[in-house]
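A.B. asks: Sequence and predicted structure below; questions after.
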4 protein chains.
Amino acid sequence: MTISIEAHVAFRFDQPTDFLLQMEAAAIPEQQLSGPGLSISASEHTARVSGEDMIGERIWLRCQGDFTADYAITAQIARTIGDIQTLNALPPHRLPGETVSYLFDSRFCPADRFQPFVEAEFGGTSGGERIEAIRSWVASNFSYAPGTSDATTTAVDSFVERRGVCRDFAHVVVALARASAIPARFVSCYAPDVQPQDFHAVAEVFLADPGGEENSIGSWHLIDATGMATPSDIVKIGLGRDAADVSFLTCYGMTQLQDKRISVQRG
Amino acid sequence: MTISIEAHVAFRFDQPTDFLLQMEAAAIPEQQLSGPGLSISASEHTARVSGEDMIGERIWLRCQGDFTADYAITAQIARTIGDIQTLNALPPHRLPGETVSYLFDSRFCPADRFQPFVEAEFGGTSGGERIEAIRSWVASNFSYAPGTSDATTTAVDSFVERRGVCRDFAHVVVALARASAIPARFVSCYAPDVQPQDFHAVAEVFLADPGGEENSIGSWHLIDATGMATPSDIVKIGLGRDAADVSFLTCYGMTQLQDKRISVQRG
Amino acid sequence: MTISIEAHVAFRFDQPTDFLLQMEAAAIPEQQLSGPGLSISASEHTARVSGEDMIGERIWLRCQGDFTADYAITAQIARTIGDIQTLNALPPHRLPGETVSYLFDSRFCPADRFQPFVEAEFGGTSGGERIEAIRSWVASNFSYAPGTSDATTTAVDSFVERRGVCRDFAHVVVALARASAIPARFVSCYAPDVQPQDFHAVAEVFLADPGGEENSIGSWHLIDATGMATPSDIVKIGLGRDAADVSFLTCYGMTQLQDKRISVQRG
Amino acid sequence: MTISIEAHVAFRFDQPTDFLLQMEAAAIPEQQLSGPGLSISASEHTARVSGEDMIGERIWLRCQGDFTADYAITAQIARTIGDIQTLNALPPHRLPGETVSYLFDSRFCPADRFQPFVEAEFGGTSGGERIEAIRSWVASNFSYAPGTSDATTTAVDSFVERRGVCRDFAHVVVALARASAIPARFVSCYAPDVQPQDFHAVAEVFLADPGGEENSIGSWHLIDATGMATPSDIVKIGLGRDAADVSFLTCYGMTQLQDKRISVQRG
C-alpha cells in the first residue's frame, strides 16, 4: 500500500533551547520512502542520531524564536502481516536478548503491577490469543476521548479512567502484554484513517513465527486497540519502551506549540 | 584494587515460574574476573542474554520449589577515574546516539518533572560541576534509612521524603542529571564498604573527556551519593535506565525471598 | 449479638513523640459497651477528642521509650440491618448536608477518576443494587493478600493490582460508591471472623430508608467486600473519609511497632 | 475594607447532570455581605447544604443544556489579623477536637510524606515562625505558572515541579504545615489583586492566640504564598481539607466550561 504524508509543525522558543525532533518516517525495509522529506527552519546546529533499536532517526536542534518543520514523503508499505491469533509466544528463555528490555517496566507502562489482572482476566489464553484478547478488551472497555489525558498520563491512569487517546490505548496494551511476559513496545507512526488527523501511536508485540519448530525465532507485530490503523497502512516513525522514547519533540527548556497539521492519505 | 565477592540467594516458588536472574559481575575490560563464578540449583532450563548496552548478562530460569544461587568471584578493578568537577558536559547535539536514551524518562526516574528544580537549585553550574553539586545536595539532604522505601518507590517519592536506600539515592541523582540534559544511568554493583552488606546501586553519568577539543568524545563516570562506594572499588553487575532494568530478580509469578547473604571484601 | 474484644499494642519511641491513638470501640447507641476498657502506660499527658462525625474518640499522647495499650471490652450489638439490594439512593439534592463531604475525593479514594468505570461496569444499576454490584465485583475480582499493600496504597493502586487487605477492599468500595454519587465512608472496627485476627476495616454507604415517601431520609449501611464481617458482628471504632482519618496510630515522629495482638470473640 | 465581586460562569451539559456549585461568599461574621447575590438559570431543582465546618454553602443543581450563574456582592471585611510570626502552635493535646481532621492526609495534601523535609528545612522553627518560614520558602522557590498544573495536581507534584497556580501554592503550604503538626486547611476565595482575575485559593492555619496563658485557645490565620492576597482583602467562599472540598463545580457527569469571568474590586 502507498501512503502519502504531509506534516507541518511550528514552535516558538523564548530562550535558546536544545530539543530533539523525531517526526520522519523510518527508513526500514518494510516501508520504502520517496519524496522531498524534511525541511526545517534555520537552527544553530543539526545532528542526527539513531532512534531506539536503530529504527528511525532523531534530530538534535538548537533554536531561539520561531521554528518550523515541514515534512512530505510517500511510503510504500510491504510488511509481512501475521495472523496474530494463531501465533504462540516464545517461552522467556528463548526470547532474543534484544527483546528482553521490552518486558521491563517503563515510565508510562509499569507492567508488573498488572500481573494479577492479566492472569485473572485473560488466564485461559496465551501468545497471540492473549494479545488478541487484550486488544479486544481495551477496544471494548475504553472510550477514545481527546482531552481527557495528557503527556503525564500513565497506563495505570488510563486503566482506571478507561479512556484516552491513541497514546494511552497503546500504553495499556503494552503494559498488559508485558505483564503476560510478552515483549511489547510503543510505536509512533502515521496512518491514514486517524480522526482527527494527527501523529498516531500503536503497540507492537513479539511473538513466535508460525511453524513452531524448536529453532524458529520470532517477529514483531503491530496492534492498534483504537481500531484506526492496521498493520498494512501504518508508517512507522520510531519506537521505544513507551511514549517517553518517541516524543516528536523532547525539549530542554520551555516552548509553545504554535501549529501542527498532519495529512495522511492512501495512494 | 582487588575485590572478593561472595553472594548467596535462596527463593521458593510455589508454582513453576519463569524468572530472570542478574547477579554476576559483568565481564568488561575495567574489571578482570577470576574464580568459581555462579553455581545454581537445578532449573528446567538456563538461557543467558546480554544485559542493557551489552554489559553483563541476565539468566532466564524456570523453577518450582526451592532455588538457590551461590556466587564467588574476585575482581581486579582497573578503571579510569575522572576528576568529575573539571569535566564539561557534551552539548546535546554532540552526544553519541547510544547515550540519548539515557536522557529520557524512565519508570523510576521521571526526569522532565525536575527541570524547574535543577535550574533553580543548580542554575549556576554545568557539566561535572553540576553533577558534583547534585551529588553533594543529595548527600546533604537525604538520610540513608533502610525500610522507608520499597520496590515501587520512584525518584519523585524519594525527593519528597528525603530518604531511602542506595537505589533511591541513585534514582534521584539520575533524575536530576537527566533534567540537566546529562545522560545518566543506573548501575547495580557490589562494593566493600556497603553497610549492611548487600547488593549496591549507584548512578553513572556521561561527560566530555578532558581536553575539550572539538572532536573529543565522552565517558561514563560513577557517582555514589550515599558515600559508601567509590569508582575504584565498585564491581559492576549491570546497568540500565533505572532499577527496573537491573533487578537481581525479575519474576513472572509469585515468590518469596528465603535468604540473601552478601560478602564483599578488599583483597 | 455479644462480641468480646481484647487488644494489646506496644510501641517504642526513641524521641519524645506526640501521637494520636484510636483503638477503642465507639460509644454509640448501636453498640452498648461494658468492661474494663483501655489501660495505657504512663504518658506525659492524655487528651481525648471526638472522632470524625462525633463518633468514637481519639487520644492524644506524648511518650518517650516504651508505650503499651491494653484494651478489653464487651459490646452488645443492636444495629438495624437493611436489605441493601432493595434500597434506593437519595438523589443528590436530597442528601443531608453532613453526608456531602463523603462524596468528595480523599487521600486514598480519588473517586472521580472512577466515574467512567462505574458507568460502564454497573451502568444498569442504581442505589443499593449498585452497591451490591460493587461489593460483589470487588469480592469476585480481588484476592485477599496480606503483604501486597502498605500504608501508602490507594484505591487506584488496589484497583490496578486487584489485591490487598481489608483496608484496600474498603477503599475500593468507597471510591466506586462515591463515583456513583453515593456517599461512602471508611470504618475501622473489630470483627470476630477476621483471619488472622487484627484490626478490621469496612465501607459504609448512605442509602434512602425504605418506603420511598418524599420525606424519608437515609441511613448508613456497612459493606464488607472481604466477606469476613457482617453488619451484625462489627464493632465500630471510628470512621472517616478513608484510612487517613482512622489510623489506630497517627504519629508525629518515628516509631516502631513492637507488638500487636487482637482477639475478638462471639459471646 | 470593602470588596466588590462580580462573577459569571457558563457550562453546557449534554446529558441531565447533577452538580454542586460553590461560588458565593460565605455569610460569616468576619465578612458582611450586601448586594443582589446569586442568579442562576433554570434548574430541575435547587438544594442548599452547608459547606465544610458550616462555613459557606453549596448548591445542588440538576441541568441539561446551557447553565449560567451570575453573582454580584459587596463584602465588608472586618477580620482580626494576627502577627503570625509571634504566635505559638498549640501542642497537639490542646488542639480543639474539630481542628484535628486538618492534621490528616487528604487527596491533594499527603502531608505525612513531608515530615522529614520540614524537620530538615525548618527544624529550628515552630508555630507561627515555622508557618512564616514555610510561606517564605514557597514564595521564593516556586514560580507562579498558569497552565503547568491541572485539577489532578497534588502537593507532591507541585513540590517536585516547583511551580503552579494559587491552588498549588496553597496545597504545598497546607501539606508542610500539617507535616509540622499544625492544623491547616484550604480556603477558596475572591481577592482584588489576583492577576489574571479568577477564583483564588489560600491556606489557613491554626495557631495559639497571643498571651500564652495555659487556657488560651487558638484561631485560624490566612496565608497566601503567592503574595497576591492579604488577610484584609480576602473574601472567603468556603474551606476544606483541600481543593477537593471546595471546587466551585463538582459534577456527576461530563460538562464543558463555556465561560468564566471574575471581577474583584476594592471599594
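C.D. replies: It's in. Numbering: from 1, shown residues only, chains lettered A, B, ... in the order given.
A.B. asks: CA only for contacts and neighbour counts going forward, please
C.D. replies: Fine.
A.B. asks: What parts of chain A come near chain B?
C.D. replies: A:18, A:45-52, A:60-61, A:92-94, A:96-98, A:101, A:104-110, A:115, A:179, A:181, A:244-245, A:252-253 (Cα under 8 Å from any Cα of the partner chain).
A.B. asks: From the residues you listed, keep the buried residues only.
C.D. replies: Burial by neighbour count, 16 or more other Cα atoms under 10 Å in any protein chain shown: within these this picks out A:18, A:47-52, A:60-61, A:92-94, A:97, A:101, A:104-110, A:115, A:179, A:181, A:244-245, A:252-253.
A.B. asks: Quickly find the element holding the nearest residue to A:Phe19 once chain neighbours are set aside.
C.D. replies: Closest residue in space to A:Phe19, ignoring its immediate chain neighbours: A:Cys251 at 4.3 Å, by Cα to Cα, 6 or more residues apart in numbering or on different chains. In this assignment (DSSP states H and E), A:Cys251 forms part of strand A:249-252.
A.B. asks: Please identify the pairing partners of that strand and their relative orientation?
C.D. replies: strand A:2-21 (antiparallel) (DSSP bridges).
A.B. asks: which non-adjacent residue is nearest the spatially most central residue of chain A?
C.D. replies: The residue lying closest to the centre of chain A (Cα atoms, centre = their mean) is A:Val187, at 1.6 Å. Using Cα to Cα, 6+ apart and skipping residues adjacent in sequence, the residue nearest A:Val187 is A:Leu239, 4.3 Å away.
A.B. asks: all helices for chain A, in order.
C.D. replies: Using DSSP state H, the helices of chain A run over A:115-122, A:127-141, A:155-161, A:166-179.
A.B. asks: if you compare these, which one is most tucked away?
C.D. replies: helix A:166-179 (a mean of 29; mean count of other Cα atoms under 10 Å in any protein chain shown).
A.B. asks: Just the C-alphas of that helix, formatted as CSV.
C.D. replies: The C-alpha trace of helix A:166-179 is given here as CSV (Å, rounded to 0.1, in the frame of the first residue of the first chain):
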residue,chain,number,x,y,z
CYS,A,166,-4.0,6.6,20.8
ARG,A,167,-1.0,7.0,23.1
ASP,A,168,-3.0,5.8,26.1
PHE,A,169,-4.6,2.8,24.3
ALA,A,170,-1.1,1.8,23.2
HIS,A,171,0.3,2.1,26.7
VAL,A,172,-2.3,-0.1,28.1
VAL,A,173,-1.8,-2.8,25.5
VAL,A,174,2.0,-2.6,26.1
ALA,A,175,1.6,-2.9,29.8
LEU,A,176,-0.8,-5.8,29.7
ALA,A,177,1.4,-7.7,27.1
ARG,A,178,4.5,-7.2,29.3
ALA,A,179,2.6,-8.4,32.4
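A.B. asks: so what secondary structure elements neighbour that helix?
C.D. replies: Where contact means 3 or more Cα pairs under 8 Å, 6 or more residues apart in numbering or on different chains; DSSP states H and E, helix A:166-179 is packed against helix A:115-122, helix A:127-141, helix A:155-161, strand A:184-190, strand A:200-208.
A.B. asks: What separation do you get for the residue in the stretch 51-200 of chain A that chain D sits nearest to and C:Ala26?
C.D. replies: The nearest approach of the stretch 51-200 of chain A to chain D comes at A:Asp150, 10.3 Å away (Cα to the nearest Cα). According to Cα to Cα, to the nearest Å, A:Asp150 and C:Ala26 sit 45 Å apart.
A.B. asks: Those two: who's more crowded?
C.D. replies: More crowded of A:Asp150 and C:Ala26, by other Cα atoms under 10 Å in any protein chain shown: C:Ala26, with 25 against 12.
A.B. asks: Leaving out the residues flanking it, which one is nearest to that one?
C.D. replies: Excluding its sequence neighbours, the residue lying closest to C:Ala26 (Cα to Cα, 6+ apart) is C:Gly56, at 4.0 Å.
A.B. asks: contacting residues for A:Phe248?
C.D. replies: Contact criterion Cα atoms under 8 Å, 6 or more residues apart in numbering or on different chains gives A:Leu20, A:Leu21, A:Gln22, A:Met23 as the residues in contact with A:Phe248.
A.B. asks: Of those residues - the most surrounded one?
C.D. replies: That'd be A:Met23 among the contacts of A:Phe248, by other Cα under 10 Å, with 28 neighbours.
A.B. asks: A:Trp220: how many residues sit nearby?
C.D. replies: 19.
A.B. asks: ok, now A:Gln256?
C.D. replies: 11.
A.B. asks: quick one, what contacts A:Glu44?
C.D. replies: Here A:Glu44 is in contact with A:Leu61, A:Arg62, A:Cys63 (Cα under 8 Å, 6+ apart).
A.B. asks: One more pass at 6 Å, please.
C.D. replies: A:Glu44 is in contact with A:Arg62, counting by Cα atoms under 6 Å, 6 or more residues apart in numbering or on different chains.
A.B. asks: for it, phi and psi?
C.D. replies: phi -60, psi -30 (degrees, to the nearest 10).
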